[in-house]
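Undergrad: The sequence and its predicted three-dimensional model are supplied below.
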Amino acid sequence: MSAWTLHPQLGADTLPVASLPLSDVRLLDNALFPWLVLVPRVAGATEWIDLPEADRHALLDEVARCGDVLRRLHRVDKLNIGAIGNMVPQLHVHVVARTTDDAAWPRPVWGGPAERYGETARDAALARLREALGAG
């Protein structure tokens, strides 16, 4: 089996935050929403059910950990969690903090408004997330 590598589209759209035991945690470069993407480092995985049972449980724990971090750092009315993968086949899970007054509410964020982070806001968001995840 080939070694795990990050899909190029995920690399282009996200910024590295931290490495958890199973997944790389990345920040989607859209300042309109606090939006994390977890990418399990499992070569060839395209679906949650492709993972061994222990990894499925670990991924769920990591999704919950990231959701808790978003709740601590932001006002959150609803967490959107999804592993759709229609555009990028590599298994990845979105964890998005939503508010009833955000730029897309109540519609889905996928394909909606986007605004890249400015350098200062990006660096601040990454630092806060890294600290909250214990990744320094």
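TA: Perfect, I can see it now.
Undergrad: Point to the residue nearest the middle of the protein.
TA: For the chain, residue 37 is the residue whose C-alpha lies nearest the centre (C-alpha atoms, centre = their mean; 1.5 Å).
Undergrad: quick check, that one in a strand?
TA: Yes: when classified by DSSP: H, G, I helix; E, B strand; the rest coil, residue 37 is found to be part of a strand.
Undergrad: show me the contacts for it.
TA: Residue 37 is in contact with 10, 14, 25, 26, 27, 28, 92, 93, 94, 95, counting by C-beta atoms under 8 Å, 6 or more residues apart in numbering. From N, CA and C alone the C-beta is placed, and that goes for glycine too.
Undergrad: if we go to 7 Å?
TA: Contacts for residue 37 were tallied using C-beta atoms under 7 Å, 6 or more residues apart in numbering; they are 10, 14, 26, 28, 92, 94.
Undergrad: Inside helices: which ones of these?
TA: Within the contacts of residue 37, residues falling in helices by DSSP state H are residue 10.
Undergrad: Ranking by neighbours, what's the top pick from the contacts of residue 37?
TA: residue 92 (24 neighbours; other C-beta atoms under 10 Å).
Undergrad: Angles on the backbone of it, please.
TA: For residue 92, the backbone dihedrals are phi -150, psi 150 (criterion: degrees, to the nearest 10).
Undergrad: do the same with the one 5 residues further on
TA: Residue 97 has phi and psi values of phi -80, psi 120 when expressed as degrees, to the nearest 10.
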